[in-house]
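Undergrad: return a 3D structure for these sequence lines:
(one chain, ligands or ions: 1)
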Amino acid sequence: MRATLALVAHDQKKADMVAFAIRHGARLAAFDLVATGTTGGQIAEAVPELPVVRLKSGPLGGDQQIGALIAEGRVAGLIFFVDPLTPMPHDVDVKALTRLAELYDIPMALNRATAELLITHPTAFQPSH
Ligand SMILES: O=C(CO)COP(=O)(O)O
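TA: Numbers count the residues shown, from 1 in each chain. Below is the predicted model:
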């Protein structure tokens, strides 16, 4: 069974996420990928051979959709490049998403340094989560 990874990046971090997807394309290809709308679109444009299911954009409910997948036990890991410097209209959604990842004990990287550690760890993301 393939594990699902969720990929999300705030606007100021999208370039970092695209670079991450390019750098780790081969590793990411081992997973089913879901992403919030704009993040997924930019990954798909940069790495067209990497299939990414795009949900709604974050401010329009995408974070909540990923949270729901986590609550249903369908997400093995969350890589979320958070922008800590910009106020967000959907801050409560961001908080709800990270809270569910905490609650369901999903490996969660909120910055690039942690994402690098998780993606290069062969057993970090288990489908049973
Ligand atoms: O806002 C986001 C996460 O909170 C990301 O959404 P987008 O990928 O649609 O920009």
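
Undergrad: quick check: the residue of the protein nearest the ligand.
TA: residue 58 (2.2 Å; C-beta to the nearest ligand atom). C-beta coordinates here come from the backbone N, C-alpha and C atoms, glycine included.

Undergrad: that residue and residue 93 touch, don't they?
TA: Yes - Residue 58 lies in contact with residue 93 (C-beta atoms under 8 Å); the separation is 6.8 Å.

Undergrad: what's downstream of the lengthiest helix in the chain, the next helix or strand?
TA: In terms of residue count, the longest helix belonging to the chain (DSSP state H) is helix 91-103. Counting by DSSP states H and E, the element after helix 91-103 in chain order, helix or strand, is strand 108-109.

Undergrad: partners of that next one, with directions?
TA: strand 77-81 (parallel) (DSSP bridges).

Undergrad: low-confidence ranges, the protein, go.
TA: Confidence mapping of the chain against pLDDT under 70 gives the ranges 128-129.

Undergrad: cutoff 90 now
TA: 1, 122, 126-129 (pLDDT under 90).

Undergrad: helices of that one, start to end?
TA: 14-23, 25-28, 37-46, 62-71, 91-103, 112-119.

Undergrad: between residue 58 and residue 93, who's got more neighbours?
TA: Of the pair residue 58 and residue 93, residue 58 is the one with more neighbours under other C-beta atoms under 10 Å, namely 27 against 21.

Undergrad: how about the more buried one, what does it touch?
TA: 8, 10, 36, 37, 38, 39, 90, 93, 94 (C-beta atoms under 8 Å, 6 or more residues apart in numbering).

Undergrad: report how many residues lie close to residue 116.
TA: 15.

Undergrad: nope, residue 67 is what I meant
TA: Residues near residue 67, counting by other C-beta under 10 Å, number 24.
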